[in-house]
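A.B. asks: Here is a sequence together with a model predicted from it:
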Protein chains: 2
Amino acid sequence: MEKEVTIYDIAKELSISPTTVSRGLNNHPAVNKNTKQKIIDVASQMGYRSNTFASKLRKQRTNTIGVIVPRLDSNFQSCVMAGMEKVANEAGYNLIISQSLETVQKEIANARTMFDNRVDGLLVSIAYDTENIDHFEPFFSKGIPVLFYDRVPEHKKCTSIVIDNIQAAYKATAHLVEQGCSNIVHISGNLKVNVYKDRLKGFKYALMDSDLPFSESSVITTNLNEEAGIQAAKQILQMNPRPDGIFVANDNCAVSCVKTLKQAGVRIPEDIAVVGFNNDPITRVIEPNLTSVDYPGNEMGEVAVRSLINYLDGMSDVSLTNTITLRSELVVRESTTRTGATGAVAP
Amino acid sequence: MEKEVTIYDIAKELSISPTTVSRGLNNHPAVNKNTKQKIIDVASQMGYRSNTFASKLRKQRTNTIGVIVPRLDSNFQSCVMAGMEKVANEAGYNLIISQSLETVQKEIANARTMFDNRVDGLLVSIAYDTENIDHFEPFFSKGIPVLFYDRVPEHKKCTSIVIDNIQAAYKATAHLVEQGCSNIVHISGNLKVNVYKDRLKGFKYALMDSDLPFSESSVITTNLNEEAGIQAAKQILQMNPRPDGIFVANDNCAVSCVKTLKQAGVRIPEDIAVVGFNNDPITRVIEPNLTSVDYPGNEMGEVAVRSLINYLDGMSDVSLTNTITLRSELVVRESTTRTGATGAVAP
DNA sequence: TTGTACGCGTTATCAC
DNA sequence: GTGATAACGCGTACAA
């Protein structure tokens, strides 16, 4: 491991001061064009690399954004990450990413690491069992912006980026009603999590507005994974009268549910129409193609980072907007198209 | 923004030296139990957080691993990331992740950033059009370990983590032959990329060993996305004689290809049997379920980080092992099961 | 336009 | 078991 080249070495080489070298490398306006070019040349020729730690220690800015995500290996979250990385990269920020693996303990530990790493800002989608946000208190009290996205806490003072889950669920359910469903079941996730709670609300509201009865027994609470879809389907097959519509809070679960129902001889959408949520690529693979709520993961990531950076650069208003709501949209496909004549069928 | 608490503040508070405080906080053996406890208490009480930059500046170790990945929003890569994050996190390392978006230019820029951020090591899966690895030269010459995974360069001196793509493709093709296919087409990706080049090789070898003729016209080179699968299917439908087997170099493309073939009335697997690659979740959604090569993304990520850290800790041999090959496995499903009696059908 | 001198917060080294 | 001191490499107020 050879010795690192520093601005002092460059300075010595050119018989100028380290200050000028520093300025030259940072595009400081008050530095001679020629000098600057020489500095840059010698720097690259000597294999100089800026020591970001020294720099970050000196400036109190790290150009680093922390991300805490429940899991990286989900289609939605990886789209979010992709969007975040793109914007962050373009703006010269680094991303430190960590997973909570759906547990508060890890989320707390990760928050601590992010704090110690002095991230300029933090982006969080909270874990299943996160019930309070005390572990972000250090950020709040230091004025470090924390921006929640998708899975956001109840806490009113949090800045969040979400879609209108109530409205989206409402539309999904209303669509089922339009297709003639009158006995609709909702397969939901952990109801402590805002997104699932809100989807349930939208489901209820839509039933109410259609003068359809709502009963607790028409909500199946699961963890929304593949296995859950199978179990839910079995449960539905036992129901009497059998439901004619299902609104599932995520596509993964919806797909395994559909598969199980089909195996049992249920015709989709004729016997039971099904709507999912997320618009994952699998919606276009399952037969029949699954109607779903398009949920812009990439965009959510981009907006999250962009908002954060704008705030950090002082370019937005003093405080972050309290809630940013992205558009979402019901994409109608065959799993709910009974007449073959309703709505625009997406590719 | 209040003033940050430093070890000096803690030292003053306890009337001891900063040195002792530093030691106390770092579990240095030679420090009195009581003193240590006091230090820890006062530190947390004063809201102290270690300044990692000062620390990293002083020690010449950053505990940071850089990752350069083509795209984050692919099922395979997000599984890899998940595995990497898990191991890195447990070992106290941070991950800085960036995407090349399949272009060398971004890959070069990202490498530079990683270099400036003085990552302790680098993990790379190279972009489509990366033809040489000069941009990693700075790492090599500084002795910073660079570990390539999945998409690795030709360069002999690179340390890589891969699966045996030749063998996997061989098995996939041989399986098609066993099922009675004698006119097999291979849908491949950019042949400059090792994984696709090797899969083509395995395809050829298997044909040779089965005494089946190989012709260039039975290889369709695409970019392996959804649209490519549709185009490839159309091309196949035009072929005369029509092939009875297809080996596709990735699942995404295989799925859209199957869909298109089915729409054209082709029976899978009776008319054409199809094998994919990656064992993405969609293989179990498409009908018929797709036979595919199981490709351990999570494990690859874990192994990559673990190898790197072992090396950094000096726990493995002096140099990184040149190539680590992970097991891969053909998972037989309905898309190739003609008799219904061959091989173990996966769930 | 350039240079001098200091401090950012930590840890390694040496001395006690 | 503890402390004084220097150094890591950079950016910036101030001076010239």
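C.D. replies: Looks like it came in fine.

A.B. asks: which stretches of the stretch 151-300 of chain A form strands?
C.D. replies: A:159-163, A:184-188, A:219-221, A:245-248, A:273-275, A:292-294 (DSSP state E, counting those that start in this stretch).

A.B. asks: Could you export these as JSON lines, including distance to residue A:79 and mean pLDDT?
C.D. replies: C-betas here are computed from N, CA, C, even on glycine. Converted to JSON lines, the strands of the stretch 151-300 of chain A look like this (distance: least, CB to CB, whole Å; pLDDT from 0 to 100):
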{"stretch": "strand A:159-163", "distance to residue A:79": "14", "mean pLDDT": "93"}
{"stretch": "strand A:184-188", "distance to residue A:79": "22", "mean pLDDT": "97"}
{"stretch": "strand A:219-221", "distance to residue A:79": "26", "mean pLDDT": "97"}
{"stretch": "strand A:245-248", "distance to residue A:79": "19", "mean pLDDT": "98"}
{"stretch": "strand A:273-275", "distance to residue A:79": "20", "mean pLDDT": "98"}
{"stretch": "strand A:292-294", "distance to residue A:79": "12", "mean pLDDT": "97"}
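
A.B. asks: want to throw those strands into TSV with distance to residue A:307 and mean neighbour count?
C.D. replies: TSV is the format used below for those (distance: least, CB to CB, whole Å; neighbours: other CB atoms under 10 Å in any protein chain shown):
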stretch	distance to residue A:307	mean neighbour count
strand A:159-163	7	21
strand A:184-188	29	25
strand A:219-221	33	18
strand A:245-248	30	28
strand A:273-275	30	29
strand A:292-294	21	25
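
A.B. asks: now that we're looking at residue A:275, which residues does it contact?
C.D. replies: Applying CB atoms under 8 Å, 6 or more residues apart in numbering or on different chains, one finds that residue A:275 lies in contact with A:172-173, A:175-176, A:245-248, A:254, A:290-293, A:330, A:335-336.

A.B. asks: Can you tell me how far residue A:193 is from residue A:199?
C.D. replies: Taking CB to CB, to the nearest Å as the measure, residue A:193 falls 10 Å from residue A:199.

A.B. asks: out of these two, which sits in the more crowded spot?
C.D. replies: More neighbours surround residue A:199 than the other of residue A:193 and residue A:199, with 28 against 22 (other CB atoms under 10 Å in any protein chain shown).

A.B. asks: And for residue A:39, the neighbour number?
C.D. replies: 25.

A.B. asks: Now do the contacts for the nearest residue to it once chain neighbours are set aside.
C.D. replies: Among residues not flanking residue A:39 along the chain, residue A:24 sits closest, at 3.6 Å (CB to CB, 6 or more residues apart in numbering or on different chains). Applying CB under 8 Å, 6+ apart to residue A:24 gives the contacts A:31, A:35-36, A:39-40.

A.B. asks: List only those of these flagged as buried.
C.D. replies: Buried members of those, scored by 16 or more other CB atoms under 10 Å in any protein chain shown, are A:31, A:36, A:39.

A.B. asks: For DNA strand C, tell me which of the residues you listed show up nearby.
C.D. replies: Counting by CB under 7 Å from any atom of the strand, residue A:31 from the buried ones among the contacts of residue A:24 sit close to DNA strand C.

A.B. asks: The buried ones among the contacts of residue A:24 into JSON lines, with extra columns for distance to residue B:304?
C.D. replies: Compiled in JSON lines, the buried ones among the contacts of residue A:24 are given as follows (distance: CB to CB, whole Å):
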{"residue": "A:31", "distance to residue B:304": "43"}
{"residue": "A:36", "distance to residue B:304": "40"}
{"residue": "A:39", "distance to residue B:304": "38"}
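
A.B. asks: Out of the buried ones among the contacts of residue A:24, which is nearest to chain B?
C.D. replies: residue A:39 (16.6 Å; CB to the nearest CB).

A.B. asks: Give me the below-cutoff pLDDT ranges for the stretch 201-347 of chain A.
C.D. replies: A:315-320, A:339-347 (pLDDT under 70).

A.B. asks: What segments of it are helices?
C.D. replies: Along the stretch 201-347 of chain A, counting by DSSP state H, counting those that start in this stretch, helices occupy A:226-238, A:251-263, A:297-312.

A.B. asks: Of these, give the one that comes closest to chain B.
C.D. replies: Per CB to the nearest CB, nearest to chain B of the helices of the stretch 201-347 of chain A: helix A:251-263, 5.7 Å.

A.B. asks: tell me the angle of the closest one relative to helix A:226-238?
C.D. replies: Helix A:251-263 and helix A:226-238 meet at an angle of 40 degrees, taking axes from the mean of the first three to the mean of the last three CA atoms, to 10 degrees as the criterion.

A.B. asks: got the contact list for helix A:251-263?
C.D. replies: A:187, A:222, A:224-230, A:232-234, A:236-237, A:246, A:248, A:268, A:272, A:274-280, A:282-283, A:286, A:290, A:292, A:335, B:281, B:285.

A.B. asks: doesn't residue A:65 fall inside a helix?
C.D. replies: No. The assignment for residue A:65 is strand, going by DSSP: H, G, I helix; E, B strand; the rest coil, so no helix is present there.
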